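K.L.:
below is the sequence, then the predicted model.
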Amino acid sequence: MELMRRYDEPVEVRCGQLAGAETMVPEQFLWRGRLWKVRSVLEHWVETGEWWRHAGVRAVLGSDEPADGSSAEQPARPRPLEELLAERALWRVEAGRGAAVRGADDSGGVFDLALDVDGGQWLLVGCAD
């Protein structure tokens, strides 16, 4: 697989039942004005924020060293605990442009789609096409 390029762009996603899937998964997404159809789900996982870097957690653990490698001259940017406890569900999917453009160099690609569990917003966070 090619190198995965990183993005952080909103996308519209339609979920449904793909063949062989037991739960609802992304089946189509609209990115940069193009409709992509999911051919298969390669992986699915859930990520949480870096809660262990929060000053309150570090105080409970008894550690006063900066969690992010910052120096005393440049203190770490404080982040609300809610931001660090946020979860997002990710799907790595193989997708193509569909039958209408299949002959027009539709080799497809691999995409990472993330769903903010609390906010319900979808992002395209990675692409190798």
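P.N.:
Yes, it's here.
K.L.:
show me the strands in the protein, by range?
P.N.:
5-10, 12-16, 25-31, 34-48, 87-96, 109-116, 122-128 (DSSP state E).
K.L.:
okay, the ones you listed in JSON lines with mean pLDDT and distance to Val60 next?
P.N.:
Using the backbone N, CA and C atoms, a C-beta is placed for each residue, glycine as well. Listed next are the strands of the chain as JSON lines, based on pLDDT from 0 to 100; distance: least, CB to CB, whole Å:
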{"stretch": "strand 5-10", "mean pLDDT": "96", "distance to Val60": "31"}
{"stretch": "strand 12-16", "mean pLDDT": "95", "distance to Val60": "38"}
{"stretch": "strand 25-31", "mean pLDDT": "95", "distance to Val60": "38"}
{"stretch": "strand 34-48", "mean pLDDT": "93", "distance to Val60": "17"}
{"stretch": "strand 87-96", "mean pLDDT": "94", "distance to Val60": "21"}
{"stretch": "strand 109-116", "mean pLDDT": "96", "distance to Val60": "27"}
{"stretch": "strand 122-128", "mean pLDDT": "96", "distance to Val60": "31"}
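K.L.:
among these, which comes closest to Leu61?
P.N.:
Distance to Leu61, taken as CB to CB, is lowest for strand 34-48 among the strands of the chain, at 17.1 Å.
K.L.:
and the closest one, which residues are buried?
P.N.:
For strand 34-48, a neighbour-count test (16 or more other CB atoms under 10 Å) marks Trp36, Lys37, Val38, Val41 as buried.
K.L.:
now do stretch 121-129
P.N.:
Those would be Trp122, Leu123, Leu124, Val125, Gly126, Cys127, for stretch 121-129 by 16+ other CB under 10 Å.
K.L.:
just give me the closest of the residues you listed to Ala86.
P.N.:
Among the buried residues of stretch 121-129, Leu123 lies closest to Ala86 (CB to CB), at 12.6 Å.
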